[in-house]
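Novice: Based on what follows, work out the 3D shape:
(one chain, ligands or ions: 1)
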Amino acid sequence: MSSKYTPPSVWQPETENGGQWSSINRPESGTRHQTQLPKGPHPFQLYSMATPNGQKVTIMLEELLALGVKEAEYDAHLIKIGEGDQFGSDFVAINPNSKIPALVDQSTSQAINIFESGHILIYLADKFNQLIPDDPMLRVQVMNWLFWLQGSAPYLGGGFGHFYSYAPEKHEYPINRFTMETKRQLDLLDKQLAIHPYIAGSSYSIADIAIWAWYGNLALGRLYDAAQFLDISSYTHLLKWAKKIDQREAVQRGRIVNRFWGEEWEQVPERHSAIDIDKVIGLKR
Ligand SMILES: N[C@@H](CCC(=O)N[C@@H](CS)C(=O)NCC(=O)O)C(=O)O
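Specialist: Numbers count the residues shown, from 1 in each chain. Next comes the predicted model:
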């Protein structure tokens, strides 16, 4: 396989490469413009968008509310990452890494900023003692799979998804490399789910929420239009689990929060009370 590209001695950013995210990517971090983010009355203020990483948090908050945890009430404000909202000064003050999701817990004497979706799940699970087991032996399993997801999903999203779906030109080398790894991950999950009803054992947990947002959506054909290419139907245990989680009411509610694309019944760009979701979900026939 030959490459036409010879790296220069010192890399310089291209002004325009035509890729889907090229207009917002820069090699520097930090604030690009001054902004003031809105703030609602609820204990949690979420600044996010309904990508898989964003869905993890909205599903978790909806699961907590479904469990009767009223203290998990939240305002979900929309951050349009395609328009660079994540580089606004208020957002960067919450998450210097400029990536959604970012959560503020304003129920405490001093507001607490939490970023990294996996950490947000742990923070909420520990705060309310839900969807994470007390038993250290079981908790370790949940953490194993949650951290597995945080380390593995970038190969699926930033690797496979980027080169298979977003890249302006399709190149065999990166598509082969990341398809190989994605299929290895799918096989791993399929084997785990062949012997356990949920990813970390016998109970639904934050590990299921995190993994479903990526690999569940992928299995259900909602990510990268790649179900056929990846021969998803051959991962039968994964598919069965993905459908089972998809049936949960909190998952159906949470996955559409901060979403502004797709069908009318799956768009709740901002959520400030349960009614915001109720009235949209009600449109589904
Ligand atoms: N490891 C981070 C990843 C977050 C992330 O990659 N967020 C993406 C959307 S899924 C984002 O905000 N991208 C905007 C950008 O890169 O500028 C987490 O799990 O929270």
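Novice: Show me the shaky parts of this protein.
Specialist: Within the chain, the segments meeting pLDDT under 70 span 1-3, 15-22.
Novice: in the stretch 151-285 of the chain, which spans are helices?
Specialist: Across the stretch 151-285 of the chain, reading from the start of the chain, the helices by DSSP state H, counting those that start in this stretch fall at 172-195, 206-211, 217-219, 236-246, 249-254, 274-281.
Novice: got a list of contacts for the third one?
Specialist: Outside of helix 217-219, the residues that reach it under the criterion CB atoms under 8 Å, 6 or more residues apart in numbering are 52, 55, 156, 186, 223-224, 226-227, 230, 232, 235, 238-239, 242. Where C-beta positions appear, they are placed from N, C-alpha and C, glycine not excepted.
Novice: Kindly report the residues of the stretch 101-250 of the chain close to the ligand.
Specialist: 116-118, 150 (CB under 6 Å from any ligand atom).
Novice: could you redo the last one with a cut-off of 8 Å?
Specialist: The interface of the stretch 101-250 of the chain toward the ligand, taken as CB under 8 Å from any ligand atom, is made up of 101, 115-120, 150, 153-154, 157-158.
Novice: and those residues, which are buried?
Specialist: The neighbour count (16 or more other CB atoms under 10 Å) marks 101, 115-118, 120, 150, 153, 157 as buried among those.
Novice: tell me the contacts of the residue of the stretch 151-285 of the chain found nearest the ligand?
Specialist: Among all residues of the stretch 151-285 of the chain, residue 157 sits closest to the ligand, at 6.7 Å; criterion: CB to the nearest ligand atom. Taking CB under 8 Å, 6+ apart as the criterion, residue 157 is in contact with 52, 214.
Novice: Equivalent analysis for residue 90, please.
Specialist: 35-37.
Novice: Tell me how many other residues surround the residue nearest to it when sequence neighbours are not counted.
Specialist: Of all residues beyond its chain neighbours, the one nearest residue 90 is residue 37 (4.0 Å), with distances taken as CB to CB, 6 or more residues apart in numbering. By the other CB atoms under 10 Å criterion, the neighbourhood of residue 37 contains 17 residues.
Novice: Name the SS class of residue 37, please.
Specialist: What DSSP: H, G, I helix; E, B strand; the rest coil gives for residue 37 is coil.
Novice: For it, grab phi and psi.
Specialist: For residue 37, the backbone dihedrals (degrees, to the nearest 10) come out as phi -80, psi 150.
Novice: measure it to the ligand for me?
Specialist: From residue 37 across to the ligand, the span is 15 Å (CB to the nearest ligand atom, to the nearest Å).
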